[in-house]
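K.L.:
Return atomic coordinates for the entry below.
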Amino acid sequence: MSTSPTISFIGAGNMASAIIGGMLDNGFKGADIWVSAPDDSHLQSIRKRFGVSVTTDNRYCAQQADMVILAVKPQVMADVCRDIAPVVQNTRPLMVSIAAGLEADTLDEWLGGGLPLARVMPNTPSLVGKGAAGLFANDQVSDKQKKMVETVFNSIGSALWVDEESLLHAVTALSGSGPAYFFLMLEALEDAATEAGIAPETARQLAIQTMAGAAEMAGRSEHDPAQLKRNVMSPGGTTERAIHTFEDGGLRDLVKKAYSAAFSRSEEMAKELRSL
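P.N.:
Numbers count the residues shown, from 1 in each chain. Predicted coordinates:
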């Protein structure tokens, strides 16, 4: 891989745009980035926005790259991979998929086999540079290539490796689906505060800032969440009574059930996608 690798994106949706924006904010050059998609008008807007090279030809886009990021929907991935397979079998770039559910062996088969391939599970906060991504690499991926994957995806948040591909289901249930869990809590807190008489917009802003502040504290603190929770609780106080209400209502078990449901659905989707 060259000192300044060329990175090609097959697909130009919101996540691809978020990654490109994060890369440019962290030292990558637009001249080293290619993007392909069917809609030329959309590509031209991306070219103007980011200063990258664009093409409607997936094969040509892949041919330029040291690293190809597959950023298309799982339902069209098979056709895309089979189309570019002759090119990537010749050039041997690092292939990176951000598609949920599609396993490395399946992708490698569609691409002709034997390629270095990494899977990345980003989440929607990546769109605002606060993502949490799980990473997995097959045996063909070198340490240097792993570093490049880390660099790219750390540009939109935090990226962490898992040792086994099956653990990406656990990542999906945690950070992939997780933002919606917190949005549900925000919604519930806003509703409760509004019923207590606080104006809806005020309730929303207070709830958002409270969640953001708590996350920032957890990220900076040397203490675990259990201790941080205890630090807020005074004996006989308001927080203690609220926490006891959550505990008595079975919140922990409910979270475990929800997590397990997301995990199981991720496994089911992987089986469904194998037959594409």
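K.L.:
Got phi/psi on residue 249?
P.N.:
Dihedral pair for residue 249: phi -80, psi 0, per degrees, to the nearest 10.
K.L.:
tell me, how many neighbours does it end up with?
P.N.:
For residue 249, the neighbour count with other C-beta atoms under 10 Å is 10. C-beta coordinates here come from the backbone N, C-alpha and C atoms, glycine included.
K.L.:
What of the one 3 residues further on?
P.N.:
Other residues within reach of residue 252, judged by other C-beta under 10 Å, total 10.
K.L.:
Which helix or strand contains it?
P.N.:
In the assignment (DSSP states H and E), residue 252 maps to helix 251-274.
K.L.:
Residue 212 now?
P.N.:
helix 200-220.
K.L.:
Show me what that helix is packed against.
P.N.:
When contacts are defined as 3 or more C-beta pairs under 8 Å, 6 or more residues apart in numbering; DSSP states H and E, helix 200-220 packs onto helix 178-195, helix 225-232.
K.L.:
quick one, the longest one and helix 251-274 angle?
P.N.:
Here helix 178-195 runs at an angle of 140 degrees relative to helix 251-274 (axes from the mean of the first three to the mean of the last three C-alpha atoms, to 10 degrees).
K.L.:
Can you name the residues in contact with helix 178-195?
P.N.:
Taking C-beta atoms under 8 Å, 6 or more residues apart in numbering as the criterion, the residues outside helix 178-195 that touch it are 123-125, 132, 200, 203-204, 206-208, 210-211, 255, 258.
K.L.:
Going by residue numbers, what spans are helices in the protein?
P.N.:
Ranges of helices in the chain, per DSSP state H, are 14-25, 40-50, 58-63, 74-91, 104-110, 143-154, 167-171, 178-195, 200-220, 225-232, 238-248, 251-274.
K.L.:
Please identify the buried residues of the shortest one?
P.N.:
Using 16 or more other C-beta atoms under 10 Å as the test for burial, helix 167-171 gives 168, 169, 170, 171.
K.L.:
Dump these into a markdown table; add pLDDT and distance to residue 243 as well.
P.N.:
Below are the buried residues of helix 167-171 laid out as a markdown table (pLDDT from 0 to 100; distance: C-beta to C-beta, whole Å):
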| residue | pLDDT | distance to residue 243 |
| --- | --- | --- |
| 168 | 96 | 32 |
| 169 | 95 | 30 |
| 170 | 96 | 26 |
| 171 | 96 | 28 |
